[in-house]
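Enquirer: Sharing a sequence plus its predicted fold:
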Amino acid sequence: LLYGAFGTLDIALLGELMAPAPAVWAAIALISLGMALKTGLFPLHFWLPPAYAGAPSPASALLAGLVGKASFYLLLRLWFDAFGGAIEPVAGQLLGILGGVAIVWGAVMALRQERLKMLLAYSSVSQVGYLFVVFSLGTAAGWGFDAWSGSVYHALSHACAKAAAFMSVGAIIYATGHDEIRRMEGIATRLPLAVAGFAVAGITLMGLPPSGGFTAKWLLVSAAMESGQWWLGAVLLVGGILSALYLLRFMNPALIHAPMEKPPFPPSRTMEAVALLLAVVALFLALLSAPLLELLRVGAPFPSQPVLGGT
């Protein structure tokens with residue numbers, strides 16, 4: 001459709017030639033629908049929880065950290081670099097609303113899970129919502145770069161943190177043979193590094209300082225407030241609170257000093273250490289935010305805009 005309308009598939013040239021037309025709108029709708037489905041945006045997330053929870057833990061880490069981010073990156077590039085001249089503001093608002101719903105819906109569903117991997121899978125549904133907020137915030141206005149950079153930074157920090165969390169759970173499953181939350185009392189005494197990795201990753205997922213998740217959500221909330229979309233800023237903050245609640249469902253019993261049966265298999269300290277190291281990377285992304293945000297300006301659609309967050 002795009003080639004028939006403009007005679008080129010070069011992204012830069014499409015950005016210059018793009019103009020509203022039925023064929024163009026159809027192409028944008030089809031591409032957006034496909035990428036939203038692959039990323040797992042609500043209500044197209046039906047495949048994500050069983051896929052993430054049912055896969056082996058190393059595969060779950062790769063799925064959560066990389067697969068969804070690749071499709072989101074494609075959609076982000078096309079919307080801001082190629083489709084800008086043909087997209088109506090209401091389309092971006094629609095994706096932003098779906099992102100807001102995903103934040104709350106995924107978190108509420110995570111609170112209801114009894115298995116740790118399924119909890120993390122629905123957490124991913126919620127965290128995907130933060131990515132799509134950019135489509136209702138990122139325009140050529142002064143708050144555009146905050147929204148765009150916040151979304152990209154969230155993709156990076158979430159990739160590290162969620163992969164670390166799944167790897168921590170993998171180490172727990174390797175040692176205990178299960179991921180049932182109700183049977184996790186006192187597990188920190190047996191698997192301290194795995195629980196520490198989960199906890200450090202949780203700091204990023206909740207958006208607490210100092211972490212890359214805090215930097216990303218600070219930028220997104222700043223953009224929402226600056227644009228007058230206070231309701232979206234409120235959803236972002238509520239999402240952080242709900243994230244703390246569902247992560248504490250595991251952390252509270254794990255840290256209880258309760259007697260626990262010896263794991264049937266010896267724990268793998270290497271698996272635990274790798275998960276903890278990746279979680280620490282996500283944590284330290286906040287300390288490196290200034291040079292990394294400057295690096296993001298190289299390919300940003302808003303290169304001349306200041307960063308409101310001041311990081």
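Expert: Ah, there it is. Numbering: from 1, shown residues only.
Enquirer: where does the stretch 1-150 of the chain dip in pLDDT?
Expert: The model of the stretch 1-150 of the chain has pLDDT under 70 over residues 138-143.
Enquirer: Let me see the ranges of the helices in it.
Expert: 2-6, 11-17, 22-39, 48-54, 57-62, 68-77, 89-111, 116-132, 134-137, 144-176 (DSSP state H, counting those that start in this stretch).
Enquirer: which one is the residue most central in space within the chain nearest to, not counting chain neighbours?
Expert: By C-alpha atoms, centre = their mean, the chain has its centre lying nearest to residue 127, at 4.0 Å. Residue nearest to residue 127 in three dimensions, not counting chain neighbours: residue 158, with 5.2 Å by C-beta to C-beta, 6 or more residues apart in numbering. (C-beta placed from N, C-alpha, C; glycine too.)
Enquirer: Next up, the contacts around the one you found.
Expert: Neighbouring residues of residue 158 by C-beta atoms under 8 Å, 6 or more residues apart in numbering: 69, 127, 130, 204, 205, 213, 216, 282.
Enquirer: Could you rerun that using 10 Å?
Expert: 64-65, 68-69, 123-124, 127-128, 130-131, 201, 204-205, 212-213, 216, 282 (C-beta atoms under 10 Å, 6 or more residues apart in numbering).
Enquirer: Retrieve the pLDDT associated with it.
Expert: pLDDT for residue 158: 91.
Enquirer: next one: residue 307
Expert: 46.
Enquirer: what about the helices in the stretch 151-300 of the chain?
Expert: 187-190, 192-206, 212-226, 230-254, 269-284, 289-296.
Enquirer: Pick out the shakiest of these, pLDDT-wise.
Expert: Per-segment mean pLDDT for the helices of the stretch 151-300 of the chain reaches its minimum on helix 289-296, at a mean of 81.
Enquirer: buried ones in it?
Expert: 289, 292, 293, 296 (16 or more other C-beta atoms under 10 Å).
Enquirer: right, and out of the residues you listed, which lies closest to residue 33?
Expert: residue 296 (27.1 Å; C-beta to C-beta).
Enquirer: Need the nearest residue in space to that closest one, chain neighbours excluded.
Expert: That would be residue 149: by C-beta to C-beta, 6+ apart, it lies 5.1 Å from residue 296.
Enquirer: quick one: the one you found from residue 24, how far?
Expert: Between residue 149 and residue 24 the computed distance is 27 Å (C-beta to C-beta, to the nearest Å).
Enquirer: The two - which one has more neighbours?
Expert: Neighbour tally, residue 149 and residue 24, criterion other C-beta atoms under 10 Å: the higher count belongs to residue 149, 30 against 21.
Enquirer: Surely that one is in contact with residue 298?
Expert: No: at 11.5 Å, residue 149 does not count as touching residue 298 under the criterion of C-beta atoms under 10 Å.
Enquirer: from the chain's centre, how far out does stretch 241-259 sit?
Expert: Mean-position distance between stretch 241-259 and its chain equals 21 Å (C-alpha atoms, centre = their mean, to the nearest Å).
Enquirer: With stretch 155-166 instead?
Expert: 8 Å.
Enquirer: how about the residue nearest to residue 153 when sequence neighbours are not counted, what does it touch?
Expert: Using C-beta to C-beta, 6+ apart and skipping the chain neighbours, the partner closest in space to residue 153 is residue 216 (4.1 Å). By C-beta under 10 Å, 6+ apart, residue 216 lies in contact with 130-131, 149-158, 204, 207, 236, 285-286, 289, 309, 311.
Enquirer: hmm, try it at 7 Å
Expert: If you count contacts by C-beta atoms under 7 Å, 6 or more residues apart in numbering, residue 216 has them with 150, 153, 154, 157.
Enquirer: cool, and residue 282?
Expert: Taking C-beta under 7 Å, 6+ apart, we find residue 282 in contact with 157, 160, 161, 164, 201, 204, 211, 212.
Enquirer: roughly how far apart are the third one and residue 123?
Expert: By that I understand residue 161. 10 Å.
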